[in-house]
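> Below are the sequence and a predicted model; questions follow.
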Amino acid sequence: MTDIKMSSRDRILKAAGQVAREVGPGHLSLDAVAQQAGVSKGGLLYNFPSKAKLLEALVEQHLADFSAALNEKEKHQAAGLGAAYLELFITELKQRQPPPSGVLAALAENPDFLAPVRRFNRDLLDRMKASSEDEGAILVFFLALEGMRALRLFGVDILSPEEQDVANASLTEILLHSQRLA
């Protein structure tokens with residue numbers, strides 16, 4: 001989809017993510033977002049009446065995009081939700097996609113903006129636990145994967161590509177073990 005065909009709301013959200021990556025999540029300003037999106041500040045405020053509403057929408061968009069990608073992977077993954085989750089993570093690593101700066105911007109503004117992320121993660125974990133009889137294996141799998149994602153999000157990922165491959169292979173084994181028991 002080209003920027004011309006995007007709604008002003010979508011252009012603003014895309015711009016907000018770009019600005020957060022460029023200047024850092026804590027320095028995101030409405031003026032910079034409006035300029036990046038090619039809209040007036042009034043146009044931005046029409047779509048998002050406050051910076052808080054913009055940041056909430058960034059988090060919601062991130063979750064919706066991640067959920068859609070996860071559901072698409074799950075449709076094509078015979079091994080289930082956990083395998084789809086791991087495959088999506090590995091795909092993001094290999095594509096070197098930047099972490100979602102909007103989530104960090106929301107955290108910098110107000111930690112309560114992450115409540116939808118907590119709900120999403122709780123639902124994801126519950127769904128994975130429901131498909132396995134080995135709750136411990138699923139918990140370790142989920143925590144390890146989320147830990148690696150958090151390292152990337154906060155820019156403190158110290159794992160080499162080889163170490164990431166080893167961790168991913170171990171997570172695959174944990175997942176296969178939990179499915180054999182089910």
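That came through fine.
> going forward, measure contacts and count neighbours with C-alpha atoms only.
Noted.
> Show residues contacting the longest helix anywhere in the chain.
In the chain, taking DSSP state H as the definition, the longest helix is helix 51-75. The contact list for helix 51-75 (CA atoms under 8 Å, 6 or more residues apart in numbering) reads 13, 16-17, 29-30, 48, 80-81, 83-85, 87-88, 100, 102-103, 105-106, 109, 113-114, 116-117, 120.
> of these, buried ones?
13, 16-17, 30, 48, 80-81, 83-85, 87-88, 100, 102-103, 105-106, 109, 113-114, 117 (16 or more other CA atoms under 10 Å).
> Give me every residue in contact with the worst-scoring helix or strand of the chain on mean pLDDT, excluding its own residues.
Among the helices and strands of the chain, helix 101-109 carries the lowest confidence by mean pLDDT, DSSP states H and E, at a mean of 75. The contact list for helix 101-109 (CA under 8 Å, 6+ apart) reads 16-18, 20-21, 24-26, 28, 52, 55-56, 58-59, 62, 113-114, 153-154.
> try it again with 7 Å
Contacts with helix 101-109, where a contact means CA atoms under 7 Å, 6 or more residues apart in numbering, come from Gly17, Ala20, Arg21, Pro25, Gly26, Leu55, Glu56, Leu58, Val59, Phe113, Leu114.
> Tell me what angle it forms with helix 51-75.
Angle, helix 101-109 to helix 51-75, by axes from the mean of the first three to the mean of the last three CA atoms, to 10 degrees: 140 degrees.
> Show me which positions of the helix or strand harbouring Leu13 end up buried.
Element membership for Leu13, per DSSP states H and E: helix 8-23. Neighbour-count burial for helix 8-23 flags 8-21 (criterion: 16+ other CA under 10 Å).
> now stretch 52-65
Leu54, Leu55, Glu56, Ala57, Leu58, Val59, Glu60, Gln61, His62, Leu63.
> pLDDT averaged over that stretch, what's the number?
For stretch 52-65, mean pLDDT rounds to 90.
> quick one: the residue lying closest to Leu114 once chain neighbours are set aside from Glu92, how far?
Among residues not flanking Leu114 along the chain, Leu107 sits closest, at 6.7 Å (CA to CA, 6 or more residues apart in numbering). Leu107 sits 22 Å away from Glu92, going by CA to CA, to the nearest Å.
> more neighbours, those two?
More crowded of Leu107 and Glu92, by other CA atoms under 10 Å: Leu107, with 18 against 14.
> gap between the more buried one and Val59?
10 Å.
> now Gln164
For Gln164, the distance to Val59 - CA to CA - is 26 Å.
> Same check on Gln179?
If you go by CA to CA, the gap between Gln179 and Val59 works out to 32 Å.
> do Ala15 as well
With CA to CA as the criterion, Ala15 and Val59 are 14 Å apart.
> One more: Leu45?
Leu45 is 18 Å from Val59, by CA to CA.
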